[in-house]
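A.B. asks: please work out how this folds:
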Amino acid sequence: MADTYDFGLVGLGVMGRNFILNVADNGFTAFGNDLDEEKVNALIQEGGNTDKVNATSDVKTFVNALTTPRKIMLLVPAGKIVDSVIEGLLPHLDQGDIIIDGGNSFFTDTDRREAYLKEKGINFFGAGVSGGAKGARRGPSIMPGGSKEAYQHVKPIFEAVSAKYNGEPCVAYLGPKSAGNYVKMVHNGIEYGLMQLTSEIYDLLKKAGGLSNAELHETFAKWNQGRLQSFLVEITSEIFEQKDDLGDGDLVDKILDKAKQKGTGKWTSQNAMDLGIPVPTIDVAVSMREISALKEERTQADALYDRPTPSAVNKADFIAKAEQALYFAFIMTYAQGMHQLADASKEYGYELELGEIAKIWRAGCIIRAALLADITNAYRAHENLQNLLLAPTFVEKVKGTVGAARELTAYGATNGIPLAGLSNALTYFDAYTSSRLPLNLIQAQRDYFGSHTYERVDREGIFHTEWEE
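C.D. replies: Alright, predicted model coming up:
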């Protein structure tokens with residue numbers, strides 16, 4: 001068995017097991033490793049042919065079974081466990097071997113690990129993997145970054161196992177250092193935004209439009225056949241069909257309204273603030289998950305305050321406006337995420353090609369959507385595009401939908417339906433497209449109380465005024 005397997009994978013949970021089986025299905029032999037013997041045996045049993053896919057709980061046996069340079073992917077939880085796995089592998093590796101972190105590691109951790117392993121002659125790079133367990137098995141979107149030379153050894157495998165869009169693999173080398181993990185982080189931030197927006201439109205349609213779950217299923221299924229075609233809209237339509245297997249009725253109505261998070265959305269938001277890039281739709285999506293966790297307090301507060309009864313609407317008209325508003329807000333969310341990627345590329349030296357990123361998101365990943373084909377084309381047509389809202393093709397898309405976003409945002413405010421994502425998407429648009437904002441007053445205030453100086457619109461230079469109290 002020694003020195004015979006093309007690819008190694010540590011971490012045989014659901015994601016790891018599905019990914020390694022995907023590798024084995026696409027013409028490469030694969031060997032897995034996990035400390036849990038049950039997971040090892042489950043992979044061997046499901047694989048069915050140990051010449052194609054095998055596994056062990058012993059690290060030395062695992063490493064020795066791989067062809068050189070060894071290509072070892074880690075699909076373990078982010079954090080200290082990644083460092084622990086690396087330390088366990090190191091005594092058995094040779095110079096030139098490759099370790100790939102396929103988890104949601106924070107990008108600065110990837111930079112640290114790459115520098116540490118480089119001193120030992122080991123190649124290390126991060127590769128974001130999106131698509132969930134089903135994507136890992138059938139074809140995910142993969143976002144690798146790090147040593148371009150080392151990636152060439154893994155490229156044939158990644159291209160074989162990745163999702164395909166019109167025959168093109170949804171994987172591409174993105175850039176040096178932690179580019180892969182960084183792009184995956186922002187991908188997840190966009191995901192937070194899109195999910196929040198989808199939940200708000202659902203809330204509007206249910207509370208104001210009075211749609212039943214059957215009607216919600218039909219509405220989202222219809223939208224998925226048009227310009228809103230996307231993985232999230234597709235699964236949303238299917239969720240409304242799911243019956244409760246533990247009782248009567250539909251499952252969605254029995255699920256507690258407390259959304260959990262693993263931190264990647266928060267990382268996106270925090271890093272955007274560090275860079276000085278506005279991503280308000282992503283910011284508020286994180287905040288809304290935090291508000292949702294305050295279930296007991298929300299219940300107490302609900303009893304203390306009178307809530308408006310939603311005013312009557314024309315159902316067909318309301319549904320049409322909801323589709324337009326969601327499309328508008330999706331565009332704003334992608335625009336914010338791509339803007340962050342563009343700035344981070346300059347700040348961290350990633351050399352990212354935004355069109356290439358949009359291209360590999362078109363299939364396989366959680367945020368895949370028909371809209372990404374348009375985004376890909378926009379960045380291909382305008383290589384130095386600063387923001388998606390400046391692309392001529394998107395100007396028309398936004399002009400045709402912003403009116404509905406305004407109407408529904410106003411409706412939500414008047415009728416007590418929280419639309420944090422939609423209203424922040426609209427505010428972002430209005431602020432970004434305003435040639436003059438009231439921040440001149442803030443600069444005057446800062447100079448008044450702190451002598452922080454200001455600039456003028458009518459002459460060059462930095463100014464300070466001794467304000468009269």
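A.B. asks: in stretch 297-316, which residues are buried?
C.D. replies: Using 16 or more other Cβ atoms under 10 Å as the test for burial, stretch 297-316 gives 310, 313. C-beta: built from backbone N, CA, C; applies to glycine.
A.B. asks: for stretch 385-399, same thing?
C.D. replies: Quick answer for stretch 385-399 (16+ other Cβ under 10 Å): 385, 388-389, 391, 394, 397-398.
A.B. asks: likewise stretch 56-67?
C.D. replies: 56-57, 59, 61-66.
A.B. asks: can you check stretch 423-435 too?
C.D. replies: 423-429, 432.
A.B. asks: quick one: which of those residues sit in helices?
C.D. replies: Applying DSSP state H to the buried residues of stretch 423-435, the entries found in helices are 423-429, 432.
A.B. asks: contacting residues around the helix or strand harbouring E407?
C.D. replies: Counting by DSSP states H and E, the element that carries E407 is helix 402-415. If you take Cβ atoms under 8 Å, 6 or more residues apart in numbering as the criterion, helix 402-415 is touched by 200, 204, 207-208, 308-311, 313, 320-325, 328-329, 417-419, 422-423, 425-426, 429.
A.B. asks: same check, this time on stretch 195-203
C.D. replies: Outside stretch 195-203, the residues that touch it by Cβ under 8 Å, 6+ apart are 216, 232-233, 236, 281, 284-285, 288, 322, 325-326, 329-330, 333, 412, 417-422, 425.
A.B. asks: please redo it, this time with the cut-off set to 6 Å
C.D. replies: Stretch 195-203 is contacted by residues 232, 236, 285, 288, 322, 326, 329, 419, 421-422 when judged by Cβ atoms under 6 Å, 6 or more residues apart in numbering.
A.B. asks: now the buried members of the residues you listed.
C.D. replies: Here, 16+ other Cβ under 10 Å leaves 232, 236, 285, 288, 322, 326, 329, 419, 421-422 buried among those.
A.B. asks: mind checking which of those residues are in helices?
C.D. replies: Using DSSP H, the subset of the buried ones among the contacts of stretch 195-203 located in helices is 232, 236, 285, 288, 322, 326, 329, 421-422.
A.B. asks: would JSON lines of the residues you listed with pLDDT and distance to A78 be doable?
C.D. replies: Output for those, formatted as JSON lines (pLDDT from 0 to 100; distance: Cβ to Cβ, whole Å):
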{"residue": "L232", "pLDDT": "97", "distance to A78": "23"}
{"residue": "T236", "pLDDT": "98", "distance to A78": "27"}
{"residue": "A285", "pLDDT": "96", "distance to A78": "20"}
{"residue": "M288", "pLDDT": "96", "distance to A78": "23"}
{"residue": "A322", "pLDDT": "98", "distance to A78": "36"}
{"residue": "L326", "pLDDT": "98", "distance to A78": "31"}
{"residue": "A329", "pLDDT": "98", "distance to A78": "29"}
{"residue": "G421", "pLDDT": "98", "distance to A78": "26"}
{"residue": "L422", "pLDDT": "98", "distance to A78": "31"}
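A.B. asks: between those, which is nearest W223?
C.D. replies: Nearest to W223 out of those is L326 (Cβ to Cβ; 7.7 Å).
A.B. asks: check contacts around that closest one.
C.D. replies: I201.
A.B. asks: swap in 7 Å and give it another go.
C.D. replies: L326 is in contact with 197, 201, 228, counting by Cβ atoms under 7 Å, 6 or more residues apart in numbering.
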